[in-house]
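K.L.:
here are the coordinates; sequence isn't available:
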């Protein structure tokens, strides 16, 4: 027994060494530039770097932790995206020891391939008790072509706890010891904390696993697994509760159209990532999140040995359903995950195929309607394909032939998933300033959001910029006002104290943004380097306009120039319904009949969750007879929207004062132009 364990250890270490070397080659030259380069691009990786830093800098789950310093002055910003607490064991010790946030990120990035390989190796060995088959499973999972589509999504690459959870369930199925149930629950918890998508998607896999393998278990045996899983869920509960509380406060949700857009296309099975060295020209469809090509090698492995007719492998640690049953489970589950990845409305080459997808049923469950990208279920399918491939290899009776198949398969799997030379972005560096600013604005906003967040880490400085899964509601108006060079927005930003504007020269080749910052009254340059200039903006207290109101007037009738069928949604008291014009062309209007002569003083337009769809310019006219109109108010509404989003982010109530007088009719007319954004009204109120 000791000799066998020693042999197992040697083979496992050898496999681990190969995985480490393959990872270094796969990601080269990142291993030697881990402290100064960013893999793939500077967008999501710098966001994740900032998230990892914040969780090591502040005690998790505290109020300060939730109120992370981005999208200033919004609260609860950490619930806008992933929390990545499951990566903290890798990154927090490095950050606490004084290493740079970028080195911590790249350590987790490199480790994601190694640990995914080791996790899959464990699963493959538990299923087959063969090191060669386990090695095939490891390579198939750690270096799948699908990972190339997500080199900028560390949370998705960090899938290494999934195979550990599956292996622990199989071990428990073979020998029902509580330690295996505890390992399963721990692995599930760590995976859920590493990636929010996997919290939901891995749970689907577990339910299917239990339905397949545990149907003949005793209640006591099931109770042990359920008990440990419940403990893990309870440990996860404070995180889930925080997300729900904050996201409900903002009204965050994913529209069905958005979920459908980020679902996989059937033709995605023939689409590979452009980063693939071998298969980059394979374009079954060009669609985000639809690059699902699994590689030729794994398809050959699975078709060379029909899973349903393979001989049974006899060993005690495979569940009672038998190895053939295990193989069928993984093959069928891979298909099921692919079908779910197609989303609620499956498409083929961009066209709906006319039948609803099974994911539509999942959307009825809590949380699933908030999962923006059903296509990411494909990672579970990849794990299932890797496990099935391991079982295929284990069925080869002749050891010499099996050894050759392992070597050839591993080489083929690496070839299928091998990248073109990894693109590395330069570290934008920390921006350390010497002013007394309470917050920072990085300009321009476009292409600079995550870089500004990252650059403020060294001083723990709040930033008005933000980059996340959800966007703070005031951010759309902020960008609009800045693009128009409106100095009023700087007055608003500096209303709570002096701020600094940091302009990146690379993104400001003509000096537009430096001129904008310098033109503000009292602005001065506080710091200047070859790459950026910082301007100090003095505090300029400016109270937001508020209008006292007495009571709400009834609206008897509404008439809209476009989409009239939905216009009554704006007086139904429901923040989840709306009237909208598809685009702002300058001729959209709504006429409200108050039913009698009234003396309104304020019109309140609530945007709800449609923060970007405010009227670009608005005219409100009044009339006593519906024929002769008098001006009541006119102007742009971007600053009103910014103020309203800060004041009430769930409702975003634009309060527009009216000139006094007796009126019966009000006409709201959008006179601006923005073909890319519609105009939405969730609720309309007329106040007296």
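P.N.:
Good, I have the coordinates. Source: prediction; values computed, not measured.
K.L.:
and the end-to-end length of stretch 364-377?
P.N.:
Stretch 364-377 has its terminal residues 17 Å apart, counting by Cα to Cα, to the nearest Å.
K.L.:
and the contacts of it?
P.N.:
156, 197, 200-201, 204, 247, 252-254, 258-259, 262-264, 268, 289-290, 292, 337-338, 340-344, 359, 362-363, 469 (Cβ atoms under 8 Å, 6 or more residues apart in numbering). C-beta: built from backbone N, CA, C; applies to glycine.
K.L.:
how does it look with 7 Å?
P.N.:
156, 197, 200-201, 253-254, 258-259, 262-264, 289-290, 337, 340-341, 343, 359, 362-363 (Cβ atoms under 7 Å, 6 or more residues apart in numbering).
K.L.:
and the gap between residue 647 and residue 605?
P.N.:
Distance of residue 647 to residue 605, given as Cβ to Cβ, to the nearest Å: 14 Å.
K.L.:
now do residue 353
P.N.:
Relative to residue 605, and taking Cβ to Cβ, residue 353 is found at 40 Å.
K.L.:
between these two, point out the one with more neighbours.
P.N.:
residue 605 (27 against 14; other Cβ atoms under 10 Å).
K.L.:
go ahead and confirm residue 60 touches residue 88.
P.N.:
No - look at residue 60 against residue 88 with Cβ atoms under 7 Å: they stay out of range, at 8.1 Å.
K.L.:
of the two, give the one with the bigger neighbour count.
P.N.:
residue 88 (20 against 17).
K.L.:
that one contacts residue 55, doesn't it?
P.N.:
Yes - if you go by Cβ under 7 Å, residue 88 and residue 55 touch, sitting 5.8 Å apart.
K.L.:
what packs against the longest strand anywhere in the chain?
P.N.:
Using DSSP state E to define each element, the chain has its longest strand at strand 588-598. Secondary-structure packing of strand 588-598 (3 or more Cβ pairs under 7 Å, 6 or more residues apart in numbering; DSSP states H and E): strand 557-560, strand 663-670, strand 683-687.
K.L.:
in TSV, list those along with distance to residue 573.
P.N.:
Output for those, formatted as TSV (distance: least, Cβ to Cβ, whole Å):
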stretch	distance to residue 573
strand 557-560	14
strand 663-670	19
strand 683-687	7
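K.L.:
those: which one's closest to residue 19?
P.N.:
Distance to residue 19, taken as Cβ to Cβ, is lowest for strand 683-687 among the helices and strands packed on strand 588-598, at 56.7 Å.
K.L.:
partner strands of the closest one, parallel or antiparallel?
P.N.:
strand 552-553 (antiparallel), strand 602-606 (antiparallel) (DSSP bridges).
K.L.:
and it, how far out from the chain's middle?
P.N.:
Strand 683-687 has its C-alpha centroid displaced from the chain centroid by 35 Å (Cα atoms, centre = their mean, to the nearest Å).
K.L.:
repeat that for stretch 519-527.
P.N.:
37 Å.
K.L.:
what is the mean pLDDT for stretch 359-376?
P.N.:
Averaged across stretch 359-376, pLDDT comes to 92.
K.L.:
wait, I meant stretch 5-21
P.N.:
Stretch 5-21 comes out at a mean pLDDT of 94.
K.L.:
list the buried residues for it?
P.N.:
By neighbour count on 16 or more other Cβ atoms under 10 Å, the buried set for stretch 5-21 is 11-12, 15, 18-20.
K.L.:
just stretch 86-98 next, same as before
P.N.:
Going by 16+ other Cβ under 10 Å, stretch 86-98 has these buried residues: 86-88, 90-92, 94-95.
K.L.:
give me the low-pLDDT residue ranges for this structure?
P.N.:
Across the chain, the ranges flagged by pLDDT under 70 are 305-323, 542-550.
K.L.:
run through the neighbouring helices and strands of the one helix or strand residue 634 maps to.
P.N.:
According to DSSP states H and E, residue 634 maps onto strand 630-636. The elements that strand 630-636 packs onto, with contact taken as 3+ Cβ pairs under 7 Å, 6+ apart, are strand 617-623.
K.L.:
can you list the strands that the strand it packs on pairs with?
P.N.:
In the sheet, strand 617-623 lines up with strand 630-636 (antiparallel), strand 663-670 (antiparallel) (DSSP bridges).
K.L.:
shouldn't residue 280 be in contact with residue 291?
P.N.:
No - Residue 280 is not in contact with residue 291 according to Cβ under 7 Å; the separation is 10.3 Å.
K.L.:
give me the common contacts of these two.
P.N.:
Common neighbours of residue 280 and residue 291 (Cβ under 7 Å, 6+ apart) are residue 272.
K.L.:
who has more neighbours out of those two?
P.N.:
Using other Cβ under 10 Å as the criterion, residue 280 and residue 291 rank with residue 291 on top: 30 against 14.
K.L.:
export the strands paired with strand 683-687 to JSON lines and tack on distance to residue 137?
P.N.:
Below are the strands paired with strand 683-687 laid out as JSON lines (distance: least, Cβ to Cβ, whole Å):
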{"stretch": "strand 552-553", "distance to residue 137": "65"}
{"stretch": "strand 602-606", "distance to residue 137": "54"}
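K.L.:
from residue 184, how far off is residue 244?
P.N.:
25 Å.
K.L.:
quick one, which of these two is more surrounded?
P.N.:
residue 184 (25 against 14).
K.L.:
got a list of what the one residue sitting closest to the centre of the chain touches?
P.N.:
In the chain, the residue lying closest to the centroid (Cα atoms, centre = their mean) is residue 469, at 4.5 Å. By Cβ under 7 Å, 6+ apart, the contact list for residue 469 reads 80-81.
K.L.:
and with 8 Å instead?
P.N.:
Residue 469 touches 80-82, 372, counting by Cβ under 8 Å, 6+ apart.
K.L.:
just say helix, strand or coil for it.
P.N.:
Under the three-state scheme (DSSP: H, G, I helix; E, B strand; the rest coil), residue 469 adopts coil.
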